[in-house]
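> return a 3D structure for these sequence lines:
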Amino acid sequence: MTILYIDADACPVKAEAERVASRHRVAVRMVSNGGIRPSQNPLVETVIVPEGPDAADMWIAERCGRGDVVVTQDIPLAARCVEAGARVIKPNGEALTAANVGNALAMRDLAADLRAADPFRQGGGKGFTKADRARFLDALEREMRAALTA
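Sure, this is the predicted structure:
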């Protein structure tokens with residue numbers, strides 16, 4: 001049975017993910033440290049984990065596996081989920097697979113090193129756009145269909 005796991009803290013596509021899961025009648029686990037409104041959808045279970053570093057990530061990584069789909073921006077979590085056999089996509093629609101998650105981890109570490117080397121460096125990530133949302137919906141639909149037919 002396929003489950004959609006959502007790393008829900010600061011996830012900009014929770015509603016879209018819920019819509020796609022509902023269309024396919026797939027159970028959803030919306031995992032966070034709190035602060036999100038529970039869904040009225042009977043397919044959606046809101047999971048509140050204890051406060052602490054990476055508690056939501058650990059909860060998801062310990063449960064996901066082959067046939068599941070995970071939505072997360074967290075690259076180390078994505079790597080663990082891919083290793084467990086789950087399909088992983090980022091909120092911008094980018095799929096993380098065994099072929100590219102290692103490179104994504106390396107780029108994440110490089111960016112962290114660059115930020116640490118220059119504490120005065122300003123700026124953040126790109127803003128989340130309508131195009132990102134559309135790419136996510138397309139990618140989640142593809143991943144959901146693939147997970148359900150695997």
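> just give me the longest helix of this protein.
For the chain, the helix with the greatest residue count under DSSP state H is helix 130-149.
> surely Met30 meets Lys14?
Yes: contact criterion Cβ atoms under 8 Å: Met30 and Lys14 qualify, at 6.6 Å. Just so you know, the C-beta spots here come from the backbone N, C-alpha and C atoms, and that holds for glycine as well.
> give me the phi and psi for Val69.
phi -120, psi 140 (degrees, to the nearest 10).
> that older thread, overlap in contacts of Met30 and Lys14?
Here Met30 and Lys14 have Ile6, Ala8, Ile36 as joint contacts, going by Cβ atoms under 8 Å, 6 or more residues apart in numbering.
> would CSV of those with pLDDT and distance to Leu77 be doable?
Formatted as CSV, those follow (pLDDT from 0 to 100; distance: Cβ to Cβ, whole Å):
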residue, pLDDT, distance to Leu77
Ile6, 97, 11
Ala8, 94, 12
Ile36, 89, 17
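> hmm, back to that, pull out the buried positions in the longest helix of the chain.
Asp132, Arg133, Arg135, Phe136, Leu137, Ala139, Leu140, Glu143, Met144, Ala147 (16 or more other Cβ atoms under 10 Å).
> what's the pLDDT at the residue found closest to Ala150 once you drop the neighbours it is linked to in the chain?
Nearest residue to Ala150, sequence neighbours excluded (Cβ to Cβ, 6 or more residues apart in numbering): Gly67, at 5.9 Å. Note on Gly67: pLDDT of 94.
> quick one: low-confidence parts of this structure?
Scanning the chain for pLDDT under 70 picks out 102-125.
> what about the strands in the chain?
Assigned by DSSP state E, the strands in the chain fall at 3-7, 27-32, 44-48, 69-71, 87-89, 95-96.
> packing partners for the fifth one?
The contact analysis (3 or more Cβ pairs under 8 Å, 6 or more residues apart in numbering; DSSP states H and E) places strand 87-89 against strand 69-71, helix 75-83, strand 95-96, helix 130-149.
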